[in-house]
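**Q** requesting a structural model of the entry that follows:
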Amino acid sequence: MNRLWISRYTKLLAGVTFLLIIAGGLVTSTKSGLSVPDWPLSYGQLMPPMVGGIRFEHTHRMIASLVGLMTFILAIWTGFAESRKWLRWVSIAAFGAVVLQGILGGMTVLFLLPAPISIFHACLAQTFFALIVSLAYFTSREWSSSEISKQDLSDVKKPLSMLIFLTYLQLILGATVRHTANHYVLISHIVSGFLVLIHAIVVMNKVFRNHEGEKKLILPAIGLALITLFQTTLGMGSFVYTAMLRQTIQPQAGKIFFVTAHQSLGALLLAASVFLFLRILRAEK
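**A** All right, here's what the predicted structure looks like:
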């Protein structure tokens, strides 16, 4: 019963963390990062007037505080209730990551949005989300089940490993583009994006050709391909709004939507890839 509730709790934490990533993306997209000049308080208050960019920045801080508190509770909970020592350490690592993320967030404000810290802050957010999704799977009934059919999935695991690598590279390049507007990095980001799409299609093709009937593989593989295709579409929209229409009058809401959705879906793609990889590892054990 205890493990069931921990599993439910980690799934809830994953959902709140994804909400935090969206909120963080909105802060950058609306250029609200310095709308609150102090940290950890906001204009010396716990709840400043929610006007202008303050509502984006302070909402982001409130959700981040909630994620930090929930991760702390998870680390304590697993420490007392979880018999698997390695899982207790993963929970502690997650708490360490969220503390570091909070410090980096504060540094971006205190040092006026330096690009290296902002990029690190963005990449760590994606990493933390993938880690929480992993914890949700580690605490699930499926991971603990002894009835999983064992099979050789190396044909899927190889391109999937490459997909995870390329996706993470994409996140680094994307964060760099967001915080530096470097044209050469943008070109690399576009090229890498098409490589991610190709590998997602390869993974889906391998699953369909060699593992027909395995719903636990087919459904996530289809999901990966659809997320990647949608992500590519959002990337094209982001490119139009941020590069091609830079000197023209453009609907601000459209730009905010495309750029924020593109960033957030990138985090979801990484987490989904990691989840499928872990499911494959569990089936091979």
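**Q** following element in sequence after the helix or strand where S188 lies, please.
**A** With elements taken from DSSP states H and E, the one containing S188 is helix 183-210. Secondary structure here is assigned by DSSP H and E; on that basis, the next helix or strand after helix 183-210 toward the C-terminus is helix 215-239.
**Q** what residues sit buried inside the helix holding S188?
**A** Along helix 183-210, these residues count as buried under the neighbour rule (16 or more other Cβ atoms under 10 Å): 185-186, 188-190, 192-193, 196-197, 199-204, 206-207. For glycine as for every other residue, the C-beta is placed from the backbone atoms N, C-alpha and C.
**Q** which helices and strands sit right next to it?
**A** Under the contact criterion of 3 or more Cβ pairs under 8 Å, 6 or more residues apart in numbering; DSSP states H and E, the helices and strands touching helix 183-210 comprise helix 154-180, helix 215-239.
**Q** just want the angle from the last one to helix 154-180.
**A** What that stands for is helix 215-239. Helix 215-239 and helix 154-180 meet at an angle of 20 degrees, taking axes from the mean of the first three to the mean of the last three Cα atoms, to 10 degrees as the criterion.
**Q** buried residues in helix 215-239, which are they?
**A** 216-217, 220-221, 223-225, 227-228, 231-232, 234-235, 237-239.
**Q** now for it, which elements pack on it?
**A** For helix 215-239, the packing partners by 3+ Cβ pairs under 8 Å, 6+ apart come out as helix 154-180, helix 183-210, helix 252-284.
**Q** neighbours around M50, how many?
**A** For M50, the tally of surrounding residues (other Cβ atoms under 10 Å) stands at 12.
**Q** looking at it, it is touching H58, isn't it?
**A** Yes: at 6.5 Å, M50 counts as touching H58 under the criterion of Cβ atoms under 8 Å.
**Q** so how far is T139 from F165?
**A** Relative to T139, F165 is positioned 26 Å away (criterion: Cβ to Cβ, to the nearest Å).
**Q** quick check: F138 touching W89?
**A** No: no contact is recorded between F138 and W89 when judged using Cβ under 8 Å, the distance being 11.4 Å.
**Q** for these two, indicate the residue with more neighbours.
**A** More neighbours sit around F138 than around the other of F138 and W89, counting by other Cβ under 10 Å; the figures are 21 against 13.
**Q** quickly find the element holding the spatially closest residue to the more buried one that is not a sequence neighbour.
**A** Distances taken as Cβ to Cβ, 6 or more residues apart in numbering place L87 nearest to F138, at 5.6 Å, with adjacent residues excluded. Using DSSP H and E, the element containing L87 is helix 85-110.
**Q** quick check: the residue nearest the centre of the chain vs F129, distance?
**A** Using Cα atoms, centre = their mean, the residue of the chain that lies closest to the mean C-alpha position is A267, 2.8 Å off. Spatial separation of A267 from F129 under the definition Cβ to Cβ is 5 Å.
**Q** who touches both of the two?
**A** Common neighbours of A267 and F129 are listed as F18, I21 (criterion: Cβ atoms under 8 Å, 6 or more residues apart in numbering).
**Q** quick check: domain ranges of the protein?
**A** Annotated domains of the chain cover 2-144, 154-284 [automatic domain parsing].
**Q** hey, least reliable of those domains by pLDDT?
**A** When these are compared by mean pLDDT, domain 154-284 comes last with a mean of 90.
**Q** quick revisit: tell me which of F165 and T139 has more neighbours.
**A** In this comparison of F165 against T139, neighbours counted by other Cβ under 10 Å, the higher total goes to T139 at 24 against 13.
**Q** now do the SS call for the closest residue to the more buried one other than its chain neighbours.
**A** Closest residue to T139 apart from its sequence neighbours, by Cβ to Cβ, 6+ apart: S7 at 4.2 Å. Reduced to three states with DSSP: H, G, I helix; E, B strand; the rest coil, the structure at S7 is helix.
**Q** what about S7, neighbour count?
**A** Residue neighbour count, defined by other Cβ under 10 Å, stands at 20 for S7.
**Q** and it, how far is that from E142?
**A** From S7 over to E142 (counting by Cβ to Cβ), the distance is 10 Å.
**Q** now swap in L169 and tell me
**A** Computed as Cβ to Cβ, the L169 to E142 distance reads 29 Å.
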